[in-house]
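**Q** what follows is a protein structure lacking sequence information:
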């Protein structure tokens, strides 16, 4: 049904500011940078794969433009390239992993792999992680469970960017939740959402595009709604004490206490219960102290409840029902969670990943400085 | 800190339309109705306790005003008073329960008790339920886990009242999620939220109070925002095909795809994976076919990850940090999830539960017709 269609959820605008590169070559290029910085090959591969997957999905805020941040973290000694990632508690269907301040992606993949092993045995599992770093898109890990036929759930805390309901200032991370559900054929269902009204990446994108920020995304330190000029709004968040609002917006009338509450609960499970940092204590990759990010990975074995065939038949019936609903007149189409990302990936596997020219240049400089691969072919 | 304060999240307005009754007497009265209708005493107790707890919490939409609906379901034979609730699958940390069309509350309590037993053994657990009915407030079950010192998570699907994002009409339930976290002293943290922008109970409350519906809660069958006159809006939902919007509102600009996606995922886990109904197929208690509601109960053993003492110290530190944030100038105070419900309960334990006079009369009639207790003392 998608075969002849090019779709990108985040198209490169204006096109002249972008180049396109092949996803495999981009992955190799990024892998090489991390290897040159002392990261073991297997870990470097995972970091590069997670970042390039985000770019394939059209989530450039979590794509290779983060290489700079991770490399910076390694250089200041805040990210441990030879992390001794280990299980420090194991209790049947649960485990606690100490990430030893390593890169978030290899820690996350190992934690999800352990969660899958445990769900195979016990039907459900929960693996918490402390002393980790930013791990990119949460959906990447939930999809690892789907690859093995399991339901995957991933949550994480993150640096403080969001206001707690009825307060001002940045207290909570935009703490996302990603749940992936297998289907008989791709794409799987992938719900991956920040508990903020928008992730900061969306504000960064608006800033690049010069698109006005609508009223209802951000408040200033006095609690006034900040909107309009995206560069000003972004600066107020990054340099001032402006905060992104929780999902549901300001106050409680439209459910701001729900987005805020979800972010708080995610922080309690992935941060407080894991032994990681929480709230304002979660550090930045390039900081003066380890970020101590906390994650949680849960996996459900479908076959603990019904046969895979029965589940697939039921989920496909539901999907057909959703697809045959009456579209809202203002909507472009009816989407399943994860479908935009998957369609974007199909497109970019064919025509390449768009990189902003400044990101391309930055990557070249980082590689040069690290003594890594020198070339990254531009295909368009 | 709360001792001398009377607070009610949903005060009885206007006061002359209400009477107050003692919570124990109300519970006895309601228990007696269900016993008279053939419900085993233990089950009747649970139903009454769950309903009265909702009233104590200030969630009257899920309180004893639901007795009429449940009794109606029993009378039309759609709710099975002698349900043979049984575990039909058991796989280590997971189980599947068939509720045999019984009342949702006793099924829910048994499922959560099983989840707690399993979490004690395996650290985490997941119990799904099919062939159930409306079970009241989801938080009631999560609090059962907290009573035993565990983290409790409850989700359920429910009759279709909400639009799927970018569509019109009622497709999804307002599918709530309730997560309860123990603290060393009450109140525990209790996040209990519909994934709709508001639960239908809030629109019913606005209708009773004659309070205008703000634009952004409900859409008509053509996708136009319905607001203003609460009676008209409520009628359009109940008799027409108007729908409540998901948390995040209309379209995707403020995250409507997030509320919708969460409701969809909750439906997949509690409905599709359990073998229950989903989406538009979830029935109403008084219907022509069993409602076949699906629930999911998960429990986490804190001590699988750290000592209870350490967890308590950490969570109390976080709570103090939240409480010392700078309040938004338009907010009344900074609330923790569940705090409004808990404070309302403290008040109502002392001064009684307000019942709308029409609800009080209805209860008297139901009791009379069922041959149950004749009196329910009015204390004010």
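**A** Everything's here; your move. All values derive from a computational prediction rather than experimental measurement.

**Q** please tell me how far residue A:133 sits from residue B:321.
**A** Here residue A:133 is placed at a distance of 22 Å from residue B:321 (CB to CB, to the nearest Å). Every residue, glycine included, has its C-beta placed from N, CA and C.

**Q** neighbour count: the two, which is higher?
**A** residue A:133 (27 against 15; other CB atoms under 10 Å in any protein chain shown).

**Q** give the contact list for the more buried one.
**A** Shown in contact with residue A:133 (CB atoms under 8 Å, 6 or more residues apart in numbering or on different chains): A:70, A:73, A:79, A:99, A:101, A:102, A:103, A:104, A:107, A:285, A:291, A:293.

**Q** give me the neighbour count for the closest residue to residue A:167 other than its chain neighbours.
**A** The shortest distance from residue A:167 to any non-neighbouring residue, by CB to CB, 6 or more residues apart in numbering or on different chains, is to residue B:325 (4.0 Å). Neighbour count of residue B:325, defined by other CB under 10 Å: 17.

**Q** for the residue nearest to residue A:243 when sequence neighbours are not counted, report the pLDDT, please.
**A** With sequence-adjacent residues excluded and distances taken as CB to CB, 6+ apart, residue A:243 is closest to residue A:163, at 3.9 Å. pLDDT, residue A:163: 98.

**Q** list the helices and strands the helix or strand of chain A with the lowest mean pLDDT packs on?
**A** Ranked by mean pLDDT, DSSP states H and E, the weakest helix or strand in chain A is helix A:200-209, scoring a mean of 89. Judged by 3 or more CB pairs under 8 Å, 6 or more residues apart in numbering or on different chains; DSSP states H and E, helix A:200-209 is in contact with strand A:213-219, helix A:230-238.

**Q** return the set of buried residues in the first one.
**A** By neighbour count, with 16 or more other CB atoms under 10 Å in any protein chain shown as the criterion, the buried positions of strand A:213-219 are A:213, A:216, A:217, A:218, A:219.

**Q** just confirm yes or no for whatever helix or strand comes next after that strand near chain B.
**A** Toward the C-terminal end, the helix or strand that comes next after strand A:213-219 (DSSP states H and E) is strand A:225-228. No: applying CB under 8 Å from any CB of the partner chain, one finds strand A:225-228 separated from chain B by no less than 11.1 Å.

**Q** re the thing from before, next, the angle from the least confident helix or strand of chain A to strand A:213-219.
**A** 140 degrees (axes from the mean of the first three to the mean of the last three CA atoms, to 10 degrees).

**Q** return the distance of helix A:200-209 from the chain's centre.
**A** Distance of helix A:200-209 from the chain centroid (CA atoms, centre = their mean, to the nearest Å) equals 15 Å.

**Q** next one: stretch A:129-149
**A** For stretch A:129-149, the distance to the chain centre is 9 Å (CA atoms, centre = their mean).

**Q** give me the mean pLDDT for that stretch.
**A** Mean predicted confidence for stretch A:129-149 is 98.

**Q** how far does that stretch stretch from start to finish?
**A** Stretch A:129-149 has its terminal residues 23 Å apart, counting by CA to CA, to the nearest Å.

**Q** surely residue A:102 is within a strand?
**A** No: according to DSSP: H, G, I helix; E, B strand; the rest coil, residue A:102 belongs to no strand; its state is coil.

**Q** of the contacts of residue A:133, the lowest pLDDT goes to which?
**A** Ranked by pLDDT, those bottom out at residue A:285 (93).

**Q** on that earlier part again, and the least confident helix or strand of chain A with helix A:230-238, angle?
**A** Going by the same axes, to 10 degrees, helix A:200-209 makes 150 degrees with helix A:230-238.

**Q** can you give me the buried ones in helix A:200-209?
**A** Buried residues in helix A:200-209, counted by 16+ other CB under 10 Å: A:200, A:201, A:202, A:203, A:204, A:205, A:206, A:207, A:208.

**Q** so what touches that helix?
**A** Applying CB under 8 Å, 6+ apart, the contact partners of helix A:200-209 are A:10, A:13, A:59-62, A:161, A:174, A:211-213, A:217-218, A:230-231, A:233-234, A:237, A:244, A:356.

**Q** before we move on, back to that, tally up the residues packed near the residue nearest to residue A:243, please.
**A** Residues near residue A:163, counting by other CB under 10 Å, number 30.

**Q** same deal with the one 10 residues further on?
**A** The local packing of residue A:173 (other CB under 10 Å) involves 28 other residues.

**Q** which one is it nearest to, not counting chain neighbours?
**A** residue A:158 (3.3 Å).

**Q** now the one you found: how far from chain B?
**A** Distance of residue A:158 to chain B, given as CB to the nearest CB, to the nearest Å: 16 Å.

**Q** repeat for residue A:77
**A** 27 Å.

**Q** and that residue, how many neighbours does it have?
**A** With other CB under 10 Å as criterion, residue A:77 counts 10.

**Q** what of residue A:128?
**A** The number of residues near residue A:128, taken as other CB under 10 Å, comes to 28.

**Q** check the one 10 residues further on too.
**A** Using other CB under 10 Å, residue A:138 has 28 other residues around it.
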